[in-house]
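Colleague: Based on what follows, work out the 3D shape:
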Amino acid sequence: MKISPLLCGAIVAAMVPAAALADDPRDPAMRNAAARARDSAITRDLNRRENARVLKRGVTWRVVRGGRGDEADDGDYAAAARDHERDMAEYRRSRARYEQEMAGWRRAVAACEAGDDAACDN
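Modeller: Here you go, the predicted model:
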């Protein structure tokens, strides 16, 4: 089913005014100090809940990745840094090996093109 671009445009146009009014300082419902305080309390509660959800997700990630519990340990960072350095050293060794092999291959190609038939076997 093909969706009309006109329909998509209408939906977006209908949503934009609602989003634009979300923090309207001239909103009649927010003229009352009690309403502003209630709105602030609701926002604070939503932020706290989201923070708790994110922290829980982070703990779950640590448990899944490393088998650790709730404690945030600076040793985790140090271990990850050591792992990273080890991986980078392996990458550098691998890259140097690759560059040497490519240089040898290029020499063989050049020798083959120059008429050395023995170099063409590679």
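Colleague: pull the longest helix from this structure.
Modeller: Using DSSP state H to define each element, the chain has its longest helix at helix 74-113.
Colleague: Now do the same for that one: mean pLDDT, whole number.
Modeller: The average pLDDT within helix 74-113 is 92.
Colleague: give the contact list for Met102.
Modeller: For Met102, no residue meets the contact criterion (C-beta atoms under 8 Å, 6 or more residues apart in numbering). C-betas here are computed from N, CA, C, even on glycine.
Colleague: where's it relative to Arg44, distance?
Modeller: Per C-beta to C-beta, to the nearest Å, Met102 is found 60 Å from Arg44.
Colleague: And the longest helix of the chain, what's buried?
Modeller: Residues of helix 74-113 classed as buried by neighbour count (16 or more other C-beta atoms under 10 Å): Ala108.
Colleague: From Ile11, how far off is Pro5?
Modeller: 11 Å.
Colleague: More neighbours: those two, which one.
Modeller: A count of neighbours by other C-beta atoms under 10 Å puts Ile11 above the other of Pro5 and Ile11, at 11 against 8.
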